[in-house]
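# sharing a model that was predicted from the sequence below.
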Amino acid sequence: MANSPTEDAIVIQDVVKNFRKRTIRGEYTTFKSELVRWLRGNRTSNQQGRFIESLRGVNLRIPKGQTVAILGRNGSGKSTLLKLITGIYTPTSGSITVNGRISALLDLGAGFHPDFSGRENILINGIILGMSRTEVRAKMDAIIAFSELGEFIDEPVRTYSSGMYMRLAFSVATHVDPDILIIDEILAVGDEHFSKKSMAKMTEFKRLGKTIVLVTHDMSTVERWCDQAAWLDGGRIRRMGTPAEIAADYRQAVSLAEARSTVFTPPALTAGGGALPGLPEGPVVTDAPKPAPQVAVTRVWLTGPRGEELGTIAPETRAEVCIDYVAREAMADVEFVLTLASADGPVLYATSTRTDRVPLPTPLPPQGRLRFVLPRVGLLGGAYVLSVELKTGNNANPEAGREARCSFSVSTEHDDRGVFRPEHAWVVEEAPAAPVQAVSVPKHAAAS
Amino acid sequence: MIRNFRELYSYRGLLLSLVQRELKARYRGSVLGFFWTFLNPTLHMLVYTLLFSVFMKNQIPNYAYFLFVGLLPWTWFSTSVSAGASSISDRRDLMTKVRFPAQVLPATVVATNFCNFIFSLPLMVVLGLFFGVKPSWHIVAFPVVVLVQMCFTFAVVYAVSAFNVTFRDLQHIVMNLMMLWFFLTPVLYRLSTVPEAYRRVLQVINPMSILITSYQALFYEHRLPDVVPLMSLLGVSVCLLWGATQIFESRREEFAESI
């Protein structure tokens, strides 16, 4: 194992995983059932359709030190994939290479015995998770301190509240010190205080350069935390990219499926793997309908302070939205409508050239660009979608393709909440002073 | 087989902790605590002694002690097999959530019952002294007999636990079979009382009869056990163990999925 930093932590190649149907249905073979079948002369077990394809050829490389989220609808094979990586399942075909010690938080509290004290369970659970006895003993105090159970640590686990139980289990799991951490939907443990602590622990893992593979349905976690996201759909990796892109695509596909009233059947039991409907290709919708539109916004994108195209931006920087359009026929009474929405739907701001009384040349030149200048982004961390539509006065039948959109994300280390981030500064004064004179508000410099 | 046991050895910390926990769990919360180890075989012994020594008047001297010598190793074997059958299929929480060498689970059962067996030996010695039977130098061969039984028990438990994952009713069948097996094993009676014609057959088809008579030879008859049957059983047990680990290894990939 070379210690080159470019080495991949996990390499998954063409992994296929089939399950027997009876396994999924939870039917067990017993001597009795076999005997009954045999007596009925039903010896030919129906060979066809006995298997369920859960994964149909997954290719995935997870680079060292990255946090990668795996998204997908329920039953798309995310957990199966994690179990394959962990080695609980073996792939039907294909190969999985793992470089480094792996620890899986698939379930908290594996092997906990209710009659034993927290301390005794830490020992067993720690060993089950792959630590040695001496290692667990050495970390015992740290684990107990992290769990904040205090004197309860010597009480039997059955007397614990479910929150205490989870806290204890989580504490053990995070002290395993793996190279690769596999997490299945268990980040939100305990009350707000403890979940903050677990988040901090995760951040520490990231800082230490551990590889993290995460399955979650919480898009904000994905966007805040992960370096990359992979979208598992229909038993294959549908797309891999930045969390914001993938999350936006995923949401769009789900809403598209809902709009088409697709029946959400268990994916593995559905022909074609139950993939969600395909999206128009690419993050920027540019493909024109068959008759090229005479008047349309062709492309929208975001640029940063130095004019470079950006997908992720900081809240305190300058940004510009560039809007390319074509107007092949002379149009009067033209209006560009710009809408900013958060990726999960709600519109945050909408304005138009008419509202802002922007003098547009009449007639519009056949091709051109508008720039929407934001001196300061002023948004909270998260994923957003910008869309620009071109409206004309004779807008009797709005054609498709007049609108273009782009998604971007705002990344920040601030913990602020709400809808937007106003320009602000705090002023601390010793005593209630005389009426505040006009304080010259310094430019908020935290993010620059 | 070698790989299987090497893996088991590398997880000895886990095995040790699990055995410790099983032992503690068994006696936790009971007033008599550890003395339950003694209570269980003692009660068995009393019942059988009443039945065979008082009601049926058999001619074996120191019957209670004789019974005890055979009963303890038999209990080790039978509880290992009946508890081992469901050792994997009952631990869904471990098998499907953690990477875990499956053979640790049946091994834990065998080891736990072995500990119980060892812990109840002093009681047997005390009972012998009560009847005026002093242990002789022949007990040096005791570890050899234990080793043979260990191999044999492991082989049976591995195979049974692996099959029970796919055939869930095996564990119930095993319970009944163990009862039958018990009466086919010379624990309650002496092998010499079995008619000559059947004795040979019993020894060949029932490895436990060789083991139990070996224990009786050591502790009751004060002689060394017959070498030929014991050593051939050792050979057979190693072969069985090899076969059982093959079965175990070939099915092990399915464990997590079928449970």
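Received the coordinates, thanks. Residues are numbered from 1 along each chain as shown, chains lettered A, B, ... in the order given.

# any idea whether residue A:52 is helix, strand or coil?
Put simply, residue A:52 is strand when judged by DSSP: H, G, I helix; E, B strand; the rest coil.

# gap between it and chain B?
Using CB to the nearest CB, to the nearest Å, one obtains 11 Å as the distance from residue A:52 to chain B. Quick note: C-beta positions are derived from backbone N, CA and C, even for glycine.

# in this structure that residue contacts residue A:75, no?
No. The pair residue A:52 and residue A:75 does not pass the contact test of CB atoms under 8 Å, sitting 10.6 Å apart.

# please, which helix or strand holds the residue nearest to residue B:203 when sequence neighbours are not counted?
Leaving out its chain neighbours, the residue that sits closest to residue B:203 by CB to CB, 6 or more residues apart in numbering or on different chains is residue B:209, at 5.6 Å. In the assignment (DSSP states H and E), residue B:209 maps to helix B:207-219.

# could you give the average pLDDT over that helix?
Taken as a whole, helix B:207-219 has a mean pLDDT of 92.

# next: stretch B:84-103.
When pLDDT is averaged over stretch B:84-103, the result is 84.

# list the contacts for the residue nearest to residue B:203?
B:184, B:185, B:186, B:191, B:202, B:203 (CB atoms under 8 Å, 6 or more residues apart in numbering or on different chains).

# if we ignore the residues flanking it in sequence, what's nearest the fifth one?
It stands for residue B:202. Residue B:202's closest residue in space is residue B:209 (CB to CB, 6+ apart), at 5.5 Å.

# can you check the second one too?
Sequence neighbours aside, residue B:208 is the residue nearest to residue B:185 in space, at 4.7 Å (criterion: CB to CB, 6+ apart).

# state the helix or strand in which residue 257 lies.
Picking chain A for this. helix A:243-259.

# I was thinking of chain B, sorry if that wasn't clear
helix B:227-258.

# okay, buried residues for that helix please.
Under the neighbour-count criterion of 16 or more other CB atoms under 10 Å in any protein chain shown, helix B:227-258 has B:229-230, B:233-234, B:236-237, B:240-241, B:244-245, B:248-249, B:251-252, B:254-258 buried.

# OK, contacts around the residue in chain A that chain B sits nearest to?
For chain A, the residue positioned closest to chain B under CB to the nearest CB is residue A:107, at a distance of 3.7 Å. Neighbour list for residue A:107: A:184, A:186, B:93, B:96, B:97, B:98 [criterion: CB under 8 Å, 6+ apart].

# one more time with 7 Å
Residues in contact with residue A:107 (CB atoms under 7 Å, 6 or more residues apart in numbering or on different chains) are residue B:97.

# residue A:353 too?
Residues in contact with residue A:353, defined by CB under 7 Å, 6+ apart, are A:335, A:336, A:360.

# if we use 8 Å, what do you get?
The neighbours of residue A:353, taking CB under 8 Å, 6+ apart as the test, are A:334, A:335, A:336, A:337, A:360, A:370.

# am I right that the fifth one is in contact with residue A:325?
No. In this structure residue A:360 lies outside contact range of residue A:325 using CB under 8 Å: 10.5 Å.

# nearest residue to residue B:40 other than its sequence neighbours?
Spatial nearest neighbour of residue B:40, excluding adjacent residues (CB to CB, 6+ apart): residue B:75 at 7.7 Å.

# what about chain B, any weak spots by pLDDT?
Under the criterion pLDDT under 70, the flagged ranges of chain B are B:28-34, B:37.

# try it again at 80.
Residues of chain B meeting the criterion pLDDT under 80: B:25-40, B:57-58, B:93, B:97, B:99-100, B:257-259.

# end to end on stretch A:355-370, go ahead and measure it.
With CA to CA, to the nearest Å as the measure, the ends of stretch A:355-370 fall 16 Å from one another.

# that one - what's its average pLDDT?
Across stretch A:355-370, pLDDT averages out at 80.

# same thing with stretch A:181-194?
On average, stretch A:181-194 scores 74.

# which element is residue A:317 on?
Per DSSP H and E, there is no helix or strand for residue A:317.

# wait, it touches residue A:304, no?
Yes. Applying CB under 8 Å as the test, residue A:317 and residue A:304 come out as touching, 6.3 Å apart.

# for chain A, what lies in contact range of chain B?
Neighbours of chain B within chain A, by CB under 8 Å from any CB of the partner chain: A:19-20, A:23, A:28-32, A:34, A:83, A:86-90, A:102, A:104, A:106-107, A:110-111, A:113, A:115-116, A:120, A:123-124, A:127-130, A:132-133.

# hmm, back to that, show me the contacts for the residue nearest to residue B:40.
Shown in contact with residue B:75 (CB under 8 Å, 6+ apart): B:40, B:41, B:44, B:113, B:116, B:117.

# quick one: the fifth one is in a helix?
Yes. Under three-state DSSP, residue B:116 sits within a helix.

# so what touches stretch B:165-177?
By CB under 8 Å, 6+ apart, the residues outside stretch B:165-177 that reach it are A:28-32, A:34, B:81-82, B:85-86, B:88-89, B:160, B:163-164, B:251, B:254-255, B:258-259.

# is it correct that residue A:350 is in contact with residue A:356?
No. Here residue A:350 lies out of contact with residue A:356, judged by CB under 8 Å, at a distance of 11.3 Å.

# those two: which is more packed in?
Remark: of residue A:350 and residue A:356, residue A:350 carries more neighbours, 13 against 10, as counted by other CB atoms under 10 Å in any protein chain shown.

# spit out the contact partners of the more buried one.
Applying CB under 8 Å, 6+ apart, the residues near residue A:350 are A:337, A:338, A:339, A:340.

# gap between whatever residue of chain B ends up closest to chain A and residue B:186?
In chain B, the residue found nearest to chain A is residue B:97; the distance is 3.7 Å by CB to the nearest CB. Using CB to CB, to the nearest Å, we find residue B:97 at a distance of 45 Å from residue B:186.

# what kind of secondary structure is residue A:388 in?
Secondary structure state of residue A:388, per three-state DSSP, is strand.

# contact partners for it?
Residue A:388 sits next to A:297, A:300, A:321, A:323, A:336, A:337, A:338, A:339, A:403, A:404, A:405 when contact means CB under 8 Å, 6+ apart.

# what is it paired to in the beta sheet?
Beta-bridge pairing of residue A:388 under DSSP bridges involves residue A:338, residue A:404.

# local confidence estimate at it?
On the pLDDT scale, residue A:388 is placed at 86.
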